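**Student:** model the following, please.
(chains A and B, ligands or ions: 1)
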Amino acid sequence: MALDRLTGENSLLFIRSEQLFDLARTNSLWYISFGIACCAIEGLMSASGPRFDFDRSGVFFRNSPRQADVMIVAGTVNVKMADTVRRLYEQMPEPRWVVAMGACASTGGPFREYPNVVMGVDKVIPVDVYIPGCPPRPESVQYAFIELRKKIRAKTEERLAARRERD
Amino acid sequence: MSDARDDIVTVGLLAEGMHDPGVPPAGIRRAPTGVDDLATEHLIVNMGPQHPSTHGVLRMLVELDGEEVKNAEVTLGYLHRGIEKLAEHRRFDALGTLMDRGDYVSGIMGETAVALAVEQLMEIEVPRRARWIRVMMAELNRIATHLLWYGTMGLDTGAMGPFLYAMRDRESLLDILEAVSGARMMFNYVRPGGVVADLPVSIEAKIREFCDAFDTYVDEHDAILAGNEIFQARLDGIGVIDAEMALAFGLTGPNLRASGVDFDLRKRRPYDAYDEMIFDVPLGVTGDAMDRFSVRMEEMRQSSRIIRQCIEGMPEGGYTAKVPKVLKPPAGEVYASVESARGEVGIHLVTDGGTSPYRMHYHGPSLYALQALEDLMPGYLLADGCIMIGSADIMLGEVDR
Ligand code: SF4
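**Tutor:** Numbers count the residues shown, from 1 in each chain, chains lettered A, B, ... in the order given. Predicted structure coming up:
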């Protein structure tokens, strides 16, 4: 795997701690099992089913927000729900990421005309990746996780570059 | 329970010959005698909306005495998205999209309810082939719904395996549904006047293949859970709904039939082509969670039987009646209902002659099952409460609408 490539023959690994943490983080993105509406069936249930099997890429569900790194907002967030979403997000330990899955979580989707529906979960919590679709296929969710990994790595690179410049 | 545990501790320690059971060794504290006379404080626990066994965004306030539920209060509205209101601004052929998102696991049946209502208003004669396709799709969808319920029922009792097996079968079902309708979940396939497209070529072979496989798989599914002693112990005698209570709460679908009431809209008020199909309606005896489990398992077998009849005798003809592009039913009022996987899904339409309904009411079965839960849970352990929620198979999208 990646580690073999890094270590080579001598089995000695020189790596910045940030990069090491990234390596660990990007390969075990645990999401909180929090299905709100229709998207949850595709994004959380089919996704953890045998065909798509997110588990093999280290993406697995946790029932407690305190053990989760990622929150997949899968469904329509309404005004009553917005509070809960915010609270769950705040309970998650740093660093944490949010994937807005589906039209509803991104913009309000088919229900955006209804005043009780929040027009996108980004009105309540910061979102890292948006997935279009109603509902998006599990493949799209997989793609979202690939993008999320890139984003996590890019952030560290950025930080390291900034430090190099400063020193 | 606690007595049994005490016994085990005593026996274990005695076997090592360490002490006299009358005197607890240092470090082991026994409850003081006469503890039953002491009052305990009730604890109010907030269960949900984020909870793995509430199947969506159900929130319950449970008052607990130890682990025993004293009182349960359901809080609704976490998924209220105004389906009924939005329907007043949708064209009649677009109502199905909203119904798909109401009960999002059994979309075809919801669409059929709307289509039937509009057809009754406009007096459209649906071609025979279209009616047969609808029946076939509805039954495929029913199996998919029950499979999802079966998987989560396993998860509720602490078994992960059944979920994976159920999802495997569900994926092959979704493949068929996708081949026919173009979508895995939000089909929008059944429209007023018929269905939106004919069956694709050679889908029959695929469906037959699925049915053949599924007939053996369903027995496997049944054996994995119902043959498991732990599962039996967790479900037997839990959440008993007798016939009288079921009727009083207005339960429909498998929940009602598990109580022994023979009421299935497919038999009682046949719509589409159900009067031409041969199938049995499984009934329960006591109405406990185990009965609800067996009724649903048997329903899957019956659905597979109906699907077989559909592919064997699929009539030739058009897949849709001649309907105008913009549907404009005359002013009036109509109620149409179908037997969805969870019970009676009814659509009450009031029209004023325009292109969208004046008012739509969406009658779903889950709300009634939820009301029964409030009455059922007190007196049981909290863990049994989760079993009741699971076995009632509620769908929050349909409760809150
Ligand atoms: S985007 Fe579509 S599928 Fe997802 S929650 Fe919204 S309505 Fe349901």
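**Student:** please count neighbours and contacts with C-alpha atoms only from this point.
**Tutor:** Fine.
**Student:** state the number of residues packed around the residue lying closest to residue A:77 once chain neighbours are set aside.
**Tutor:** The spatial neighbour of residue A:77 that comes closest, neighbours along the chain excluded (C-alpha to C-alpha, 6 or more residues apart in numbering or on different chains), is residue A:118 at 5.7 Å. The tally of other residues near residue A:118 (other C-alpha atoms under 10 Å in any protein chain shown) stands at 27.
**Student:** on the three-state scheme, residue B:362 is what?
**Tutor:** For residue B:362, the assignment made with DSSP: H, G, I helix; E, B strand; the rest coil gives strand.
**Student:** how near is it to chain A?
**Tutor:** To chain A, residue B:362 is 16 Å away according to C-alpha to the nearest C-alpha, to the nearest Å.
**Student:** quick revisit: the residue nearest to residue A:77 against residue A:108, yeah?
**Tutor:** Yes - with contact defined as C-alpha atoms under 8 Å, residue A:118 counts as touching residue A:108 (6.2 Å).
**Student:** who touches both of those two?
**Tutor:** Taking C-alpha atoms under 8 Å, 6 or more residues apart in numbering or on different chains as the criterion, residue A:118 and residue A:108 both touch A:76-77.
**Student:** OK, contacts around residue B:273?
**Tutor:** With contact taken as C-alpha under 8 Å, 6+ apart, residue B:273 is in contact with B:128, B:131-132, B:135.
**Student:** mind redoing it with 10 Å?
**Tutor:** Going by C-alpha atoms under 10 Å, 6 or more residues apart in numbering or on different chains, residue B:273 touches B:128-136, B:266, B:310.
**Student:** name whatever forms a beta bridge with the residue nearest to the spatial centre of chain A.
**Tutor:** Nearest residue to the geometric centre of chain A (C-alpha atoms, centre = their mean): residue A:70, 4.0 Å. Judged by DSSP bridges, the bridge partners of residue A:70 are residue A:31, residue A:97.
**Student:** my read: it touches residue A:91, true?
**Tutor:** No - using C-alpha atoms under 10 Å as the test, residue A:70 is too far from residue A:91 to be in contact (11.7 Å).
**Student:** how about the residues of chain A by the ligand?
**Tutor:** A:37-39, A:75-76, A:102-104, A:109-110, A:134-135 (C-alpha under 6 Å from any ligand atom).
**Student:** top of the residues you listed by number of neighbours, please.
**Tutor:** Most neighbours among these, by other C-alpha under 10 Å: residue A:76, with 34 neighbours.
**Student:** so what's that residue closest to, chain neighbours aside?
**Tutor:** What sits nearest to residue A:76 in space, not counting adjacent residues and going by C-alpha to C-alpha, 6+ apart, is residue A:104, at 4.9 Å.
**Student:** the strands in the stretch 101-250 of chain B, which residues?
**Tutor:** Assigned by DSSP state E, counting those that start in this stretch, the stretch 101-250 of chain B shows strands spanning B:190-191, B:194-195.
**Student:** got CSV for those strands, with mean neighbour count and mean pLDDT too?
**Tutor:** Output for these, formatted as CSV (neighbours: other C-alpha atoms under 10 Å in any protein chain shown; pLDDT from 0 to 100):
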stretch, mean neighbour count, mean pLDDT
strand B:190-191, 28, 88
strand B:194-195, 28, 86
